[in-house]
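Asker: no sequence on this one, just coordinates:
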């Protein structure tokens, strides 16, 4: 990679859809000035949440909805490298290729809570490791908290892997040869702010989802615009797609405003929280005085 290509790589966003993947693979493969975008085909309906690369220009792309990892060679050829569900993995978020140890780190999460089934039935959040050359499973490490979400990975100079847990205030570490994740750093400032401020997390989650959905339909991300551009005939101009999305963006903004100004539109139908502390519930069973019961002398067994 040239220094100019390295500079571009450092500025890449982590999740930008299939069309963005094709564009950046072309740029990194043959330079900024002389290249035309070369689309890279990844599995149909896949949502690439994260990617990583090696020094030879090979990309590894994880799929949020389908699971598994796709390997994209420097020439642009894509092939399934990690099958969905391999090593009991589920929806894939962060991925990291560590050439020093020959390991591909994969964040695997149960995303059924937001409607993403993913492969397998394994619960919780896990750090999965695979052989970088063959894709064979190497290890599986559970994140300790039931609320955990394995989001991203970094590797230090000594080979220690560091895992960001987005739903707890922890950064976890896995030392070379380690058998379990350990808490490396923790701070209340890393905890979800909404929870600490007393904000209803269900309302907050709906608000975040509605806001993210809005970003799908306008720059700088606009995943839906990329997808529509990919299936629209050449006679449909990109500018027409952008102008046509404006009414839908307006509707989404109105929805976001309604959710903000009227929280009851989300929380009205939810079950009310109970103020009873189960640990302080005491059940008293009255003692009933029964008269003595005489069953008589035991019968003599016959001879």
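Answerer: Sure thing, it's come through. Please read these numbers as outputs of a predicted model, since none were measured by experiment.
Asker: what segments of this structure are helices?
Answerer: Secondary structure of the chain (DSSP state H): helices located at 3-10, 17-30, 193-196, 201-215, 223-231, 238-261, 264-267.
Asker: now do the longest one: everything it contacts.
Answerer: Defining contact as Cβ atoms under 8 Å, 6 or more residues apart in numbering, one finds that helix 238-261 is touched by 203, 206-207, 210-211, 213-214, 217-218, 222, 224-225, 228-229, 232, 265-266. Bear in mind the C-beta positions are built from the backbone N, C-alpha and C, glycine included.
Asker: so how far does stretch 165-182 reach from one end to the other?
Answerer: Distance across stretch 165-182, first residue to last, is 12 Å (Cα to Cα, to the nearest Å).
Asker: and it, which residues are buried?
Answerer: Under the neighbour-count criterion of 16 or more other Cβ atoms under 10 Å, stretch 165-182 has 165, 166, 167, 168, 169, 170, 171, 172, 173, 174, 181 buried.
Asker: and the buried ones among the contacts of helix 238-261, selectable in PyMOL?
Answerer: Buried residues within the contacts of helix 238-261, by 16+ other Cβ under 10 Å, are selected in PyMOL with:
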select buried, resi 203+206+207+210+214+217+218+222+224+225+228+266
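Asker: any idea how this protein splits into domains?
Answerer: 42-191, 201-270 (automatic domain parsing).
Asker: quick check: which of the ones you listed is nearest to residue 276?
Answerer: When the domains of the chain are compared by Cβ to Cβ, domain 201-270 sits nearest residue 276, at 17.5 Å.
Asker: okay, and for the stretch 151-300 of the chain, where does confidence drop off?
Answerer: 188-197, 273-274, 278-279, 295-296, 299 (pLDDT under 70).
Asker: same thing but at 90, please
Answerer: 166-170, 185-232, 234, 238-239, 241-242, 263-300 (pLDDT under 90).
Asker: can you give me the strands for this structure?
Answerer: 48-53, 59-63, 69-72, 78-82, 91-98, 103-109, 125-131, 137-142, 150-155, 161-165, 170-174, 182-186 (DSSP state E).
Asker: for these, give me TSV that also has distance to residue 272.
Answerer: Formatted as TSV, those follow (distance: least, Cβ to Cβ, whole Å):
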stretch	distance to residue 272
strand 48-53	35
strand 59-63	38
strand 69-72	43
strand 78-82	44
strand 91-98	32
strand 103-109	30
strand 125-131	30
strand 137-142	34
strand 150-155	32
strand 161-165	30
strand 170-174	31
strand 182-186	33
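Asker: of all those, which lies closest to residue 298?
Answerer: strand 137-142 (59.8 Å).
Asker: what angle sits between that closest one and strand 161-165?
Answerer: 40 degrees (axes from the mean of the first three to the mean of the last three Cα atoms, to 10 degrees).
Asker: for residue 119, which non-adjacent residue is closest in space?
Answerer: In space, and not counting its chain neighbours, residue 119 is closest to residue 85: 3.5 Å by Cβ to Cβ, 6 or more residues apart in numbering.
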